[in-house]
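# any chance you could fold what I've pasted below:
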Amino acid sequence: MAKPDVIVIGAGVVGLSAAIAAKARGLSVVVLDREGPAAGASAGNAGAFAFTDILPLASPGMLKKAPKWLLDPLGPLTVPPAYALQILPWMFRFWRACAPSRVAHSVAAQTAMMDLAKAELEPFLAATGTGQMLRKDGNLQVYESDAEFRASLPGWQAREAHGIVFQHMSAPEMAALQPGLAPRFIKGTFTPGWYSIADPKLFTLALAEHFRARGGTIERADVKALLPVGGAVDVATADGATRRADHVVLAAGAFSHRIARNIGERIPLETERGYNTTLPIDAFDLRTQITFGGHGFVVTRLSTGIRVGGAVELGGLSLPPNFRRSEAMLKKAQAFLPGLKTQGGTQWMGFRPSLPDSLPAIGKAAATSRVIYAFGHGHLGLTQAAGTARLVADLLTDQAPPIDISPFSPQRFS
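Residues are numbered from 1 along each chain as shown. Down below sits the predicted model:
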């Protein structure tokens, strides 16, 4: 097989989007993935393009909530006891990222990334023939008390300062938008700029088919190491084979830091283990995505069902799933949406790659400019995939990126 211009490691939505963007620049591209397209977080996420989600998980407000949440093993944010010691260094960096000056830096960078991702999205969908999968139903964030609503206002003020449109709503206004909410929710905020995809797995598989139809190649291979060799990079896989390319894009999600470590780079990537249950499509008359922020989960309407999921379990890659978390969210969802039918659901757990400041790692490796990193998007991989693809394609072709990418430097934690 001839040496390709680019090997992309990872066939999730970020990796495939980057591969398609590179192919559109005239480069020959091979994608390698240990399981194949849409096998990881791209398969079971909530399907949202959360362009308004510019606030990092690490924030002063999170520091106030975290102790209470961490004590609840089924709560919105938890660390399994078996993983607590291992994650301490990451948690220290997370604590440092909560400083107001660092939060402001993250918000500015995330806003620029979101603006780029939103601008790139619809042209990317049109180019890949997936435009019909886009939905623009908005998102309704709901509150159970005046105190909870008031606590949210600084976040909305930050969004307003960056041009994000939203509308605070009373209970009757929410009922008109989304019938069936429990009366415990007395206020809400609707963001019409919140898009979604009909089904994230089907979307990612469609990207794979588009890439293949344009002459791209996708192979199953478990990548173990990278080795810069002159003007190229060797990619070593678990079967003992070695593949060579002029450039490598590392977009292997939660497994990326293991591969980066083999070229001498230690990037503090952790795993937000996300849980959900997908119910039959007739489980509820859902008209917009609903975010239950005080409980850390969302309810989303997909073409294939009603998905109830979210929360953050910082538990690494090896511990077995704790599907009691899915069950706890589903039980709450039934209380919050009394008409929700909870029978016939399918449970899922996936690994979301998370860096302490909630910004992805996008840029060149320290060891060689021929390796480009594109991972660490947390729960925003789908949202930022088209924007990341644009940046990766620019880096591959020595074009000036449309935004300042220094805040996303993979070396910012060194």
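
# in the stretch 51-200 of the chain, which spans are helices?
Under the criterion DSSP state H, counting those that start in this stretch, the stretch 51-200 of the chain contains helices at 60-70, 84-97, 100-128, 146-161, 171-177, 200-213.

# between these, which gets nearest to residue 254?
helix 84-97 (12.8 Å; C-beta to C-beta). (Glycine included, C-beta is placed from N, CA and C.)

# tilt between that closest one and helix 60-70?
Counting by axes from the mean of the first three to the mean of the last three C-alpha atoms, to 10 degrees, helix 84-97 points 160 degrees away from the direction of helix 60-70.

# please spell out which residues along helix 84-97 are buried.
Residues 87, 90-91, 94, 97 are the ones in helix 84-97 that count as buried (16 or more other C-beta atoms under 10 Å).

# confidence score at the residue of the chain most remote from its centre?
Taking C-alpha atoms, centre = their mean, the residue of the chain most remote from its mean C-alpha position is residue 230, at 34.1 Å. Looking at residue 230, its pLDDT is 88.

# now the one 4 residues further on
For residue 234, the model assigns a pLDDT of 97.

# you'd agree it is in a helix?
No: remark: residue 234 does not belong to a helix; assigned using DSSP: H, G, I helix; E, B strand; the rest coil, it is strand.

# so it bridges to which residues?
Applying DSSP bridges to residue 234 yields these beta-bridge partners: residue 227, residue 244.

# that one and residue 246 touch, don't they?
No: the criterion here is C-beta atoms under 8 Å, and residue 234 misses it with residue 246 at 11.5 Å.

# just to revisit the earlier point, so which of the buried residues of helix 84-97 comes closest to residue 346?
Using C-beta to C-beta as the measure, the one of the buried residues of helix 84-97 that approaches residue 346 most closely is residue 87, at 28.8 Å.

# how much space separates that closest one from residue 352?
Distance of residue 87 to residue 352, given as C-beta to C-beta, to the nearest Å: 15 Å.

# ok now do residue 352, which residues does it touch?
By C-beta atoms under 8 Å, 6 or more residues apart in numbering, the residues touching residue 352 are 41, 45, 253-254, 271-274, 377-379, 381.

# look up phi and psi at it.
When quoted as degrees, to the nearest 10, the phi and psi of residue 352 stand at phi -110, psi 120.

# now do the same for residue 253: its pLDDT.
We have a pLDDT of 96 for residue 253.

# and it, how many residues sit next to it?
The tally of other residues near residue 253 (other C-beta atoms under 10 Å) stands at 29.

# ok, it touching residue 351?
Yes: with contact defined as C-beta under 8 Å, residue 253 reaches residue 351; the gap is 6.5 Å.

# joint contacts of the two?
Looking at what touches both residue 253 and residue 351 (by C-beta under 8 Å, 6+ apart), the common residues are 40-41.
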